[in-house]
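Peer 1: no sequence on this one, just coordinates:
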């Protein structure tokens, strides 16, 4: 995570913070830079660490919208709710290709560049995976549980 923090700082980002060991980074940057960060950090990762990884970015306002728009009951166990953050907005045809009966009783709802997921029996046995979403929606995704989503929102709202 220290390398990741350094890469964001070297890209010109300020107030760079990481959260847990799964690539969550909170940073400040002008919109123009923030839009280029995925490309810059992906290339830095390839050069410094020898592998390529996708970088998906959401603004403070977008994170607030994600938190405010969850279609599922958020009062229960936050480990049963996830959000797949998509790099690109999928087309209507791609969204329609998702099978709502692929993994009962799991449920999902696509809203723009985000897929809300409810895993009543936990995520481990679900067939609604990143790989499935990426193949059907034809874009990169990264999934976070609801607790992580709310913690990241708290971090971006911290003074």
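Peer 2: It's in. Predicted model, so just to flag it, every value in this text is computed and none were measured.
Peer 1: Tell me the buried residues in the longest helix seen in the chain?
Peer 2: Longest helix in the chain, counting residues (DSSP state H): helix 31-49. Buried positions in helix 31-49, judged by neighbour count with 16 or more other C-beta atoms under 10 Å: 34, 37, 40, 41, 44, 45. For the C-beta atoms, the positions are set from N, CA and C on the backbone; glycine is no exception.
Peer 1: What does the pLDDT read for the closest residue to the third one other than its chain neighbours?
Peer 2: When you say that, I think you mean residue 40. Excluding the flanking residues, the one nearest residue 40 by C-beta to C-beta, 6 or more residues apart in numbering is residue 11, at 4.4 Å. The model reports residue 11 with a pLDDT of 96.
Peer 1: for the one 10 residues further on, same thing?
Peer 2: You'll see residue 21 listed with a pLDDT of 86.
Peer 1: Equivalent analysis for residue 124, please.
Peer 2: Confidence score, pLDDT, at residue 124: 95.
Peer 1: so where does it fall, helix or strand?
Peer 2: Under DSSP states H and E, no helix or strand contains residue 124.
Peer 1: That one: what's it in contact with?
Peer 2: If a contact means C-beta atoms under 8 Å, 6 or more residues apart in numbering, then residue 124 has no contacts.
Peer 1: Backbone torsions only: list them for it.
Peer 2: phi -60, psi -40 (degrees, to the nearest 10).
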